[in-house]
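K.L.:
Pasting the sequence and the predicted model now:
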Amino acid sequence: MIRLARPFAAACFLALSLFSSGAQNPETERFPTLTPAAVRRHVYYLASDALGGRGTPSEGLDLAAEYISKAFKGIGLLPLDDGTYFQTAKGMTVRTRSGAVQADLHNVIGWIEGSDPVLKHEYVIVSAHYDHLGTFGEGEDPIYNGANDDASGVSGMIEIARALVAQSPRRSIVFIAFFGEERGLLGSRYYAEHPVFPLKQTVAMLNLEQIGRSDSTEGSQVRRVSLTGFDYSTVGSVLVEVAKEFGVEAYRHPRNSDAYFSRSDNAALANVGIPAHTLTVAFQYSDYHGVDDEPEKLDYENMALTCKVAAGTILRLANEDQRPAWNPDVPAARRYWEKWKELMERRPHPARS
Ligand SMILES: [Zn+2]
């Protein structure tokens, strides 16, 4: 760069700084706490051998729940009415490899109260499942660490929560780590049957799955993000716009966006009518449900960027006047739209105090 004489340089510097404050680079300037190191840290704990693959139920699963609740508290998320971050499903029967067992299981829930006096009674859910397959088999390493599936989603959710606490969203935002996804969406189904926040006032859900591996079986997914049920609701178009601001392409996968819609926790909420989707980077990757889904295989640089896109999308959903809505013109979305109409016809739930 050519050196400029001082007075002129000072004027230029002023002009430049005015310019740069008007035209921010979202990737570097928005959500500055959402860094690769921040998201990496949680994955290395949650997917460590010490947690034994977080089977439902297991001691490792409970350790993970404890870790997430402490993180929520540290960030300053609000607890539930009983002062804890646990929604407990008591004595739930779970079918495991060694037969049916009964256990107390926990969804971990923390929330940000909305800043708008009216809209704060509406809720956007951000979620990820904290269980995985556990430990089984005879091999040298029988631990299914589930780093990408779905320690990545949980880790991203924690750091998205930290980023959004500082943003005073207009609607309330509820963060949920679900148990038992791998055993058949147990935690999210339990939540849909025992909602902590009224379903009728829950305007959308963004579930995070497999956001750490950019090396999908279809090639590199760096700066690419997809959504299940991409065109089923207006959430997809919000994602496209926000992703663009970050130089990321949000795309509808020609086969998997529809095929995977019912295969994660978003389905439990979509089935009761809430526009609910799963955001993902790699639908399929080489270590999927294998013992080698380990933390060192994740692309933390791309994961942090993906989390920024997710955070921006959630913030838009929480701040826009209009609620997200199903697209009844898309045939596959019609049944969810019908469920939404049923939900709206239910008697209003008393507002939270
Ligand atoms: Zn998963």
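P.N.:
Nice, I can see it. This one's a predicted model, so the numbers in the text were calculated from it and none came from an experiment.
K.L.:
what pairs with the most centrally placed residue in the chain across the strands?
P.N.:
By CA atoms, centre = their mean, the mean C-alpha position of the chain lies nearest to residue 208, the distance being 3.4 Å. Taking DSSP bridges, one obtains residue 279 as the residues bridged to residue 208.
K.L.:
List, one by one, the residues from the stretch 151-300 of the chain near the ion.
P.N.:
Counting by CB under 5 Å from the ion, the residues of the stretch 151-300 of the chain close to the ion are residue 209. Any C-beta I mention is one placed from the backbone N, CA and C, and that applies to glycine too.
K.L.:
Please identify the residue of the stretch 151-300 of the chain positioned nearest to the ion.
P.N.:
residue 209 (4.8 Å; CB to the ion).
K.L.:
Could you report the distance from the residue nearest to the centre of the chain to residue 127?
P.N.:
7 Å (CB to CB, to the nearest Å).
K.L.:
which parts of the longest strand seen in the chain are buried?
P.N.:
As assigned by DSSP state E, the longest strand anywhere in the chain is strand 99-112. Judged by neighbour count (16 or more other CB atoms under 10 Å), strand 99-112 contains these buried residues: 103, 105-112.
K.L.:
residues shared between the contacts of residue 208 and residue 127?
P.N.:
Shared contacts of residue 208 and residue 127 (CB atoms under 8 Å, 6 or more residues apart in numbering): residue 157.
K.L.:
all helices for the stretch 251-353 of the chain, in order.
P.N.:
Using DSSP state H, counting those that start in this stretch, the helices of the stretch 251-353 of the chain run over 256-259, 266-270, 300-319, 334-345.
K.L.:
which other helices and strands contact the shortest one?
P.N.:
Contacts defined by 3 or more CB pairs under 8 Å, 6 or more residues apart in numbering; DSSP states H and E place helix 256-259 against strand 224-227.
K.L.:
Would you mind writing the CA trace of the strand it packs on as PDB?
P.N.:
Written as PDB, here are the backbone C-alpha positions of strand 224-227 (Å, rounded to 0.1, in the frame of the first residue of the first chain):
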ATOM      1  CA  ARG A 224     -22.400 -25.300   2.400                       C
ATOM      2  CA  VAL A 225     -25.300 -26.000   4.600                       C
ATOM      3  CA  SER A 226     -28.500 -27.900   4.100                       C
ATOM      4  CA  LEU A 227     -31.900 -28.200   5.800                       C
END
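K.L.:
That one pairs with which strands?
P.N.:
Applying DSSP bridges, one finds strand 224-227 paired with strand 249-251 (parallel), strand 276-280 (antiparallel).
K.L.:
one step back: report all helices and strands that the very next helix or strand once past the longest strand of the chain contacts.
P.N.:
Following strand 99-112 in sequence order, the next helix or strand is strand 123-129 (DSSP states H and E). Strand 123-129 sits against helix 152-165, strand 172-178, helix 186-193, strand 202-209, helix 300-319, with contacts defined as 3+ CB pairs under 8 Å, 6+ apart.
K.L.:
starting at the chain centroid, how far to stretch 73-83?
P.N.:
18 Å (CA atoms, centre = their mean, to the nearest Å).
K.L.:
Which positions within that stretch qualify as buried?
P.N.:
By 16+ other CB under 10 Å, the buried positions in stretch 73-83 come out as 75, 77.
K.L.:
Now do that stretch: everything it contacts.
P.N.:
Contacts for stretch 73-83 (CB under 8 Å, 6+ apart): 72, 85-87, 109-113, 158, 161-162, 165, 175, 196.
K.L.:
With stretch 330-348 instead?
P.N.:
Under CB under 8 Å, 6+ apart, the answer for stretch 330-348 is 199-200, 229, 231-233, 258, 261, 270-275, 325-328.
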